[in-house]
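[1] give me a 3D structure for the following:
(one chain, ligands or ions: 2)
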Amino acid sequence: MCLTSTLFRQRALAKPPSSCWRCRRSVFVRASSSTAKGDGREIGRLEASNDSAVADDVYTHRTDDTHESSVSSSTTTTLADLEAARRNRKSEWKRRQGGQSFLDHLIVTVRGGKGGNGCVAFHREKFKPLGPPSGGNGGCGSDVYILPTPALTTLSSVPRRVHGLPGGSGQGTWQHGRNAEPTVIRVPVGTVVKELGYDDPRRAPDEWEAEDEALGEISGEEEKKAAWRERRWVHYPRWQDDNLERDTFKQAERAVWREERERRWMRRQRYLDPLWLDLSTVESEADVSERDVDAPLGLGKKEYLGHLVARGGGGGLGNPNFVSQTSRSPKFATKGQEGERIALSLELKILADIGLVGMPNAGKSTLLRALTGGRAKTEVASYAFTTLNPVLGVIRVADDGTFEGEFRGVNVFEETAIEEERELEKQLAEHVDPSLEPTSSFIPDTSLSDSEVIVNEEEDNKDQQPGFPFDILESFRFTISDNPGLIAGASSNVGLGHSFLRSLERSHALVYVVDLAGDAPWDELRALRDELEAYLPGMSEKARLVIANKADLLVPLYEGDGGDGHEEAVENAKAKLRRLEEFVKAEMVISEGGEAAMDVIPVSAKYGQNLKKVVLAMKGYAEEARRGVL
Ligand SMILES: Nc1nc2c(ncn2[C@@H]2O[C@H](COP(=O)(O)OP(=O)(O)OP(=O)(O)O)[C@@H](O)[C@H]2O)c(=O)[nH]1
Ligand SMILES: [Mg+2]
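    Ligands and ions are numbered 1, 2, ... in the order given. Alright, predicted model coming up:
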C-alpha cells in the first residue's frame, strides 16, 4: 500500500496528494490492497509473468499492481517515526554547526556510466560503392568501485552523487567505442557500506524506475512507444520510418526486449540481497582475488580498485550485428544501456581502544586534553554540547605509568580557544576593550613569566617533531575517543541524539565520566547505562571504569588547605565518593569479567590529579583487548 495514502488515512496529511512522494508516480492506491506482496520475489514473479506481451507492452513495464507491491511494506511508518526522523535531521544539523568538517554518516547515490551508442555505417571504398555494414559497437560505461583508503579519516571528501563516465560511441569502419575508465569512491578504513533497501524512502529510483517515471509523464500510447524506441535505437538518416515497417527490425526489437526483461528481473533480484560491506581493513588485490591464470602474458598488473558497487551499462550494438539472411544491410543500431543506480548508506566507525561516555560538561574533553598534554585538539567550554563529533587522541605511556600529558608539565587544562573567542567577541560587542587579545589555551603556572609562557607554547609545537624526550620513555600507546555528551532520551534523538555512538560500537572498552561535584552522579551513571542499552542492547557491558571527575570542586586544592571547613569538605567528599562506589557495586557490575564491580577513580582532569591510576587502568584494558581477552 502506498505510504502517502497511509499517512492520509492517519490524518498526517490534510488532503490526499496527487502522487506518491516516494516513487513519484501519480498512482494512488486502493486502501484494501494486500500487504503480502511487498517483497522483491513477488515483484520478480510479476515481472516474469508478462511473458507474451511483447511489442505493445514493452514501454509500460511496471503495472499498477507492481507499484502497489513495491510500496506496500512502508505501512509500518507511524507519526512517531516521522517525529524521530525530524529530530534526527535536527541533531544532524546541530552536529554540522561551526564548520565541522567531520562526517561519519552519508547517503551516496551511485550511478554506473552509460554505455556508448552503436553506430550505423557502411563501408565505402574506391570502386566499391555498396560496402558491407561497418558500424562499431559502443564502449561500456564505467563501473563504480568503493575502496577503503587509510589516508582518509572522514567521509567529508566523499561526493554525495557519483556518476560513472560514459563509454565512447562506436564509429564507422568497424571502430568500437572506448570502454570508460572505472570510477573509484575512496572512503576511510572502518566504513560500513549498506545498500538502501527497496522500501527505504531515501532510496533514489533505480535505472528502470527512472525510465518508467520519464515515460509516465508522456500522454498517449503511441507517443510513449515512440519515446521508448527513441531511447533504444539509432537509425540511419531518414530511414527511421522505413525501418519500423521492416520485419527484421521488429525481430530485433523483440530480441532486445527479451534481453531487457531478463536484466530487469536480475535487478529486482538484487534487492533481495542488498550490498553490505564492512571495510575495516586495508585490502590489496592479493588479499581478495587470485590472479587470473588465463590472462595473456605481458599484461601489466592491474591496480586493485576495491569492491564493485554499480556496473556501468553495456555498449550499444553496431549495425553489422543485425545482418541476417534476409537483411544484408541493416540500417539501425542500438543505443548504450543505462548504468546501474543504487543508493548507499556509508557509516564510519572509528576504532579506538577506549571510548569516553558521559553527560555534557562532565569533563570528557578536559580529560582527553590532560591525558595527551593538550595535543588532542578537542574543545573545552563550560556549556553543554561543546564537542559535536568524536575526537581521537593517542595516549603514550612509559613503563612506570608516566604518561605524555604528565610529562609535558602543563598544570591546568581549561577553556580552549572557542570559549575565549566567544568571550572576546562579547566584550568587543560591548566595547569594553577592543585591544583585548585572546590568551593562551592553558592557564600557566603563576611562577612563570610572560616570556616563559611563550617559550612553553613554542615547545609545544616542537614536541610534534621526532626527538621529543618522551619518545625514549614510551613503551605503549593506545587511543581514546572523546565523544559528544549523551543525555537521557538520546535514543529518541534528544540533544545530539546518539548517532555518534556508532563509533563506540567498535571500541574495545568504554569508560564512564561523571561529574562528582554534581548533585547525583549515580543518577548520571544510571542514565548513561540505560542510553547505551537503548542504543544497542548489551553495549553497556563494554564499560569497565567510572571516572569521577571534578573532585577538586569538592575539596578546593589551592585554597583553605587546613583552613575553616576544609576537614568537613574532605569528609563530605569522601562520603559522596563512598555512596557512588556503593551504587556502582550494587548496580554496575562487569558481567563478562565474572560479576566484578567496576572501579571508581576520583580525578581532577582540569588540574591533572590522580590521572596516573586512570592511565594504568586504561592501559590494562587496551592490553587485554590486544591479547584478545576483552
Ligand atoms: N573544576 C573543574 N572543572 C572541570 C574539570 N574538568 C572539566 N571541568 C570544566 O567543566 C567544563 C566542561 O568541560 P568539558 O571538558 O568541555 O566537558 P565535556 O564533557 O567535554 O562536555 P561536552 O563536550 O559538552 O559533552 C569546562 O568548563 C571545564 O573547564 C575538573 O576536573 N575540575
Ligand atoms: Mg567535550
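[2] buried set for stretch 253-260?
    Neighbour counts using 16 or more other CB atoms under 10 Å place E253, W257 of stretch 253-260 among the buried residues. The C-beta positions use only the backbone N, C-alpha and C, and glycine is treated the same way.
[3] for stretch 381-401, same thing?
    Residues of stretch 381-401 classed as buried by neighbour count (16+ other CB under 10 Å): 381, 385-393, 395-398.
[4] that stretch vs ligand 2: in contact?
    Yes - counting by CB under 5 Å from the ion, ligand 2 has neighbours in stretch 381-401: T386, T387.
[5] can I get that stretch in CSV, CA atoms only?
    Taking C-alpha atoms only, stretch 381-401 is exported to CSV below (Å, rounded to 0.1, in the frame of the first residue of the first chain):
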residue,chain,number,x,y,z
ALA,A,381,34.0,25.0,27.4
SER,A,382,31.5,25.4,30.2
TYR,A,383,28.4,25.0,28.1
ALA,A,384,26.7,21.7,27.1
PHE,A,385,27.5,20.1,23.8
THR,A,386,30.8,21.7,23.2
THR,A,387,32.0,18.6,21.5
LEU,A,388,29.9,17.9,18.4
ASN,A,389,31.7,15.0,16.8
PRO,A,390,34.1,12.2,18.1
VAL,A,391,37.7,13.2,18.5
LEU,A,392,40.5,10.7,18.8
GLY,A,393,43.6,11.1,21.0
VAL,A,394,46.7,8.9,21.3
ILE,A,395,47.9,8.2,24.8
ARG,A,396,51.5,7.4,25.1
VAL,A,397,52.6,5.6,28.3
ALA,A,398,56.0,4.8,29.8
ASP,A,399,56.7,1.5,31.7
ASP,A,400,56.2,3.1,35.1
GLY,A,401,52.8,4.5,34.1
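[6] so how far is it from its chain's centroid?
    23 Å (CA atoms, centre = their mean, to the nearest Å).
[7] mean confidence for it?
    The average pLDDT for stretch 381-401 rounds to 83.
[8] ok, residues contacting the strand or helix carrying K612?
    Applying DSSP states H and E as the criterion places K612 in helix 611-627. By CB atoms under 8 Å, 6 or more residues apart in numbering, the residues outside helix 611-627 that reach it are 353-354, 367, 370-371, 395, 397, 401-403, 405-406, 476, 478, 480, 508-509, 511, 544-545, 547, 599, 601, 603, 605, 630.
[9] what comes up buried for it?
    Going by neighbour count (16+ other CB under 10 Å), the buried part of helix 611-627 is L611, K612, V614, V615, A617, M618, K619, Y621, A622, E624, A625.
[10] does any part of that helix sit near ligand 1?
    No - Helix 611-627 stays clear of ligand 1 (CB under 6 Å from any ligand atom), getting no nearer than 10.1 Å.
[11] for that helix, what is the distance to the chain centroid?
    Distance, stretch centre to chain centre, for helix 611-627: 30 Å (CA atoms, centre = their mean).
[12] can you check stretch 530-544 too?
    The answer for stretch 530-544 is 22 Å, by CA atoms, centre = their mean.
[13] among the contacts of helix 611-627, which are located in helices?
    Here DSSP state H is the test, and those give L367, A370, L371, G405, E406 as lying in helices.
[14] would you convert the buried residues of helix 611-627 into JSON lines that also reports pLDDT and distance to L82?
    Converted to JSON lines, these look like this (pLDDT from 0 to 100; distance: CB to CB, whole Å):
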{"residue": "L611", "pLDDT": "91", "distance to L82": "46"}
{"residue": "K612", "pLDDT": "90", "distance to L82": "50"}
{"residue": "V614", "pLDDT": "92", "distance to L82": "43"}
{"residue": "V615", "pLDDT": "92", "distance to L82": "46"}
{"residue": "A617", "pLDDT": "92", "distance to L82": "44"}
{"residue": "M618", "pLDDT": "92", "distance to L82": "42"}
{"residue": "K619", "pLDDT": "91", "distance to L82": "46"}
{"residue": "Y621", "pLDDT": "89", "distance to L82": "41"}
{"residue": "A622", "pLDDT": "88", "distance to L82": "42"}
{"residue": "E624", "pLDDT": "86", "distance to L82": "44"}
{"residue": "A625", "pLDDT": "81", "distance to L82": "40"}
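[15] list just the nearest of those residues to P132.
    Nearest to P132 among these is A625, at 70.2 Å by CB to CB.
[16] interface residues of the chain facing ligand 2?
    So far as CB under 5 Å from the ion goes, the chain lies against ligand 2 at S365, T386, T387.
[17] now with 6 Å?
    Proximity of the chain to ligand 2 (CB under 6 Å from the ion) is limited to residues K364, S365, T386, T387, D482.
[18] tally of neighbours for the first one?
    Residue crowding around K364 was assessed by other CB atoms under 10 Å; the count is 32.
[19] state the pLDDT value of it.
    93.
[20] helices of the stretch 451-600 of the chain, start to end?
    Along the stretch 451-600 of the chain, the stretches classed as helices by DSSP state H, counting those that start in this stretch are 470-473, 521-535, 551-554, 566-587.
[21] is the last one anywhere near ligand 1?
    Right, the one you point to is helix 566-587. No - using CB under 6 Å from any ligand atom, helix 566-587 stays clear of ligand 1, with a minimum separation of 12.9 Å.
[22] how far off helix 521-535 does that helix point, in degrees?
    Relative orientation of helix 566-587 and helix 521-535, computed by axes from the mean of the first three to the mean of the last three CA atoms, to 10 degrees: 30 degrees.
[23] just give me how far the helix or strand hosting K225 sits from the chain centre.
    Assigned by DSSP H and E, K225 belongs to helix 221-230. Mean-position distance between helix 221-230 and its chain equals 40 Å (CA atoms, centre = their mean).
[24] and it, what does it pack onto?
    Applying 3 or more CB pairs under 8 Å, 6 or more residues apart in numbering; DSSP states H and E, one finds that helix 221-230 contacts helix 207-216.
[25] quick one: mean pLDDT for the helix it packs on?
    Throughout helix 207-216, pLDDT has a mean value of 88.
[26] please apply the same query to stretch 555-575.
    When pLDDT is averaged along stretch 555-575, the result is 69.
[27] what's the end-to-end length of that stretch?
    Stretch 555-575 has an end-to-end distance of 12 Å (CA to CA, to the nearest Å).
[28] cool, stretch 114-131 as well?
    One end of stretch 114-131 to the other measures 30 Å (CA to CA).
[29] may I see the buried residues of it?
    Neighbour counts over stretch 114-131 (16+ other CB under 10 Å) mark K114, G115, G116, N117, G118, C119, V120, A121, F122 as buried.
[30] can you classify the fourth one by secondary structure?
    Read that as N117. Three-state call for N117 (DSSP: H, G, I helix; E, B strand; the rest coil): coil.
[31] so it makes contact with V234?
    Yes - distance between N117 and V234: 5.6 Å, which falls inside the contact criterion (CB atoms under 8 Å).
[32] which residues do those two both contact?
    G316, A333, T334, K335.
[33] can you tell me which of those residues are in strands?
    Among the shared contacts of N117 and V234, the members found in strands (DSSP state E) are A333, T334.
[34] dump the shared contacts of N117 and V234 to TSV, plus distance to P133, pLDDT and neighbour count.
    Listed next are the shared contacts of N117 and V234 as TSV, based on distance: CB to CB, whole Å; pLDDT from 0 to 100; neighbours: other CB atoms under 10 Å:
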residue	distance to P133	pLDDT	neighbour count
G316	14	94	29
A333	9	94	29
T334	14	94	24
K335	17	95	21
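[35] out of the shared contacts of N117 and V234, what pair is the most spread apart?
    Largest separation among those by CB to CB: A333 and K335, giving 7.9 Å.
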